[in-house]
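Student: fold the following.
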Amino acid sequence: MGKYSYKSSRKKNNRLSIVGYVLFGVIAIWLLASIYLELSPIEIIRKGVSTVGSSKETVESLKLKIIEKDSIIKELESQLKGRNQAVKKAIVKVSGNTLNLRSEPSLVSDVILHIPSESQVDILFYDTETYYLDGKAGKWCKISYTGQEGWVWGNFLLEL
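Tutor: Got it, this is the predicted structure:
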C-alpha cells in the first residue's frame, strides 16, 4: 500500500511541474514581447495582442508631426530674424562681473560670450514658459549684444 500511494503522489507532482513549465514559458514570452515591442508588460495586457503592432505606426506618425512642427518653428524664427526689430532695450544687472550669453535657453547649453555688467542689450523676446532658479520665478530672454544673438536669464535684465 505504501508503494501505491507513493506512485500516485509522484504523478500529481509531474502534473504540477508541467503546469509550472507552461506558466514559466508564457511569462517568458510575455516579457520578451514587451522588450521587443518596447512596451511595458502592463501595456501589452491593456492593448491586447491585436493592437500591439499599431503602436509603431503611431510612433512613426508622431515623428512626422515633430518634423513638420520643427520646420514651422524654423520658418517663424527666420521671419523674426528678418525683421531685426529690437523692441526693448535693457541693462545687464548681475552681482558678478559678467552674464553668460547662451546658445539655448538652458543652464547646460554652450556659453557664446560673457556680457559685462551694466552693458546695454536689445531684447528680442521672452520665452513663454516660466522657470524657477534659486527659488525665484523667471523666463529666459533672447537678446542681441554686439551682433550676437543668444539667451540669458531674464531676471538679470533691467528693461529701460
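
Student: nearest the geometric middle of this protein, what residue?
Tutor: residue 66 (12.9 Å; Cα atoms, centre = their mean).

Student: distance check, that residue against residue 72.
Tutor: 11 Å (Cβ to Cβ, to the nearest Å). For glycine as for every other residue, the C-beta is placed from the backbone atoms N, C-alpha and C.

Student: do the same with residue 61
Tutor: 17 Å.

Student: toward the C-terminus from the lowest-mean-pLDDT helix or strand in the chain, list the very next helix or strand.
Tutor: For the chain, the helix or strand with the lowest mean confidence is helix 41-51, at a mean of 70 (criterion: mean pLDDT, DSSP states H and E). Elements were assigned by DSSP states H and E; along the chain past helix 41-51, the next helix or strand is helix 54-83.

Student: mean confidence for that following helix?
Tutor: The average pLDDT for helix 54-83 rounds to 79.

Student: apart from its neighbours in sequence, what residue is nearest residue 113?
Tutor: Computed as Cβ to Cβ, 6 or more residues apart in numbering, the closest residue to residue 113 that is not its neighbour in sequence is residue 101, at 5.1 Å.

Student: give the contact list for the one you found.
Tutor: 111, 112, 113, 114, 115, 143, 145, 148, 150, 151, 152 (Cβ atoms under 8 Å, 6 or more residues apart in numbering).

Student: helix or strand: which one has residue 114?
Tutor: Assigned by DSSP H and E, residue 114 falls in strand 111-116.

Student: tell me the domain ranges of this protein?
Tutor: 1-52, 56-83, 88-159 (automatic domain parsing).

Student: pick the most buried one from these.
Tutor: domain 88-159 (a mean of 15; mean count of other Cβ atoms under 10 Å).

Student: for it, how far is the first residue from the last?
Tutor: 7 Å (Cα to Cα, to the nearest Å).
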